[in-house]
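Colleague: Predicted model and sequence follow; I will ask about them next.
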Amino acid sequence: DTGVSQDPRHKITKRGQNVTFRCDPISEHNRLYWYRQTLGQGPEFLTYFQNEAQLEKSRLLSDRFSAERPKGSFSTLEIQRTEQGDSAMYLCASSLSQSADTQYFGPGTRLTVL
Amino acid sequence: TQLLEQSPQFLSIQEGENLTVYCNSSSVFSSLQWYRQEPGEGPVLLVTVVTGGEVKKLKRLTFQFGDARKDSSLHITAAQPGDTGLYLCAGWRAGNMLTFGGGTRLMVKP
């Protein structure tokens, strides 16, 4: 099965530390999306890439957050100086640009900030 | 305030019962999708509805898109324990952002 994979699945960190998550999309998918989902809520869009270009960013993506997709394949999401409010599930999804409405989600990385 | 409001937020029913969950908005969407999410996993796409008034069936699940493309419903007939999960509606507007509702958490008891 070559679906979307995310690493790590769980991360516990102390407030103020930096964390980085990785997403590997489905291999031929040129679009990659990041979402955040807090407990009891639906996912909220953070940002998306088409190939290596970051085309859209949500207001939720504060300056402590940075996402990259350097070679147009895997992507990383880094959170600097984590805060307790950053605790959430971070979901990655990928799609083909010609069928962008069909996104395939990864299992997510659950972040807990103590 | 969420752009897409789902109701009810929680639903607990017995196996064999029917149920309907709703997804409402004051905004028009070019298309609307329904996902199911299980604990510890990402959402899985169930259906996309595009045309106002459209009805799609997926086995025991019936999805309807409102005539004005502002709302949608999901009806499940003869619910089974395997239907337990978080049901999310999500809408596409102009641009490439998918907006999700808050979800309906369904539990079907055997």
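Modeller: Sure thing, it's come through.

Colleague: any idea of the pLDDT on residue 13?
Modeller: Unless you meant another one, I'm taking chain A. Predicted confidence (pLDDT) for residue A:13: 98.

Colleague: The chain in question should be chain B.
Modeller: 96.

Colleague: correct me, but it touches residue B:19?
Modeller: Yes - using C-beta atoms under 8 Å, residue B:13 is in contact with residue B:19, at 5.8 Å. All C-beta spots, glycine's among them, are computed from the backbone N, C-alpha and C.

Colleague: Show me whatever sits in contact with both of the two.
Modeller: B:79, B:106 (C-beta atoms under 8 Å, 6 or more residues apart in numbering or on different chains).

Colleague: Chain B: strands as residue ranges?
Modeller: Per DSSP state E, chain B carries strands over the ranges B:5-7, B:10-14, B:19-24, B:31-37, B:44-49, B:55-58, B:61-65, B:71-76, B:85-92, B:98-100, B:104-109.

Colleague: To chain A, which of those lies closest?
Modeller: Among these, the nearest to chain A by C-beta to the nearest C-beta is strand B:98-100 (3.3 Å).

Colleague: Could you list the paired strands of the closest one along with their orientation?
Modeller: Take DSSP bridges as the rule and strand B:98-100 pairs in its sheet with strand B:85-92 (antiparallel).

Colleague: tell me which residues in the helix or strand bottoming out on mean pLDDT in chain A are buried?
Modeller: None of the helices or strands of chain A scores lower by mean pLDDT, DSSP states H and E than strand A:53-57, at a mean of 91. For strand A:53-57, burial by neighbour count (16 or more other C-beta atoms under 10 Å in any protein chain shown) applies to residue A:54.

Colleague: Which strands and helices lie in contact with that strand?
Modeller: strand A:44-50 (3 or more C-beta pairs under 8 Å, 6 or more residues apart in numbering or on different chains; DSSP states H and E).

Colleague: Contacts for the strand it packs on, please.
Modeller: A:30-37, A:54-58, A:60-61, A:65, A:67, A:69, A:72, A:75, A:77, A:97, B:96-100.

Colleague: give me the beta-bridge partners of the closest residue to residue A:85 other than its chain neighbours?
Modeller: Of all residues not flanking residue A:85 in the chain, residue A:113 sits nearest, at 7.9 Å (C-beta to C-beta, 6 or more residues apart in numbering or on different chains). Using DSSP bridges, the bridge partners assigned to residue A:113 are residue A:13.

Colleague: who are the neighbours in contact with residue A:113?
Modeller: Residue A:113 neighbours (C-beta under 8 Å, 6+ apart): A:13, A:14, A:15, A:82, A:83, A:84, A:85, A:86, A:87.

Colleague: Please pick the buried ones from those residues.
Modeller: Buried among the contacts of residue A:113 by 16+ other C-beta under 10 Å: A:13, A:82, A:86, A:87.

Colleague: now the spatially most distant residue from the centre of chain A: how far from residue B:3?
Modeller: Using C-alpha atoms, centre = their mean, the residue of chain A lying farthest from its centre is residue A:98. It sits 21.2 Å away. Residue A:98 sits 26 Å away from residue B:3 when distances are taken as C-beta to C-beta, to the nearest Å.
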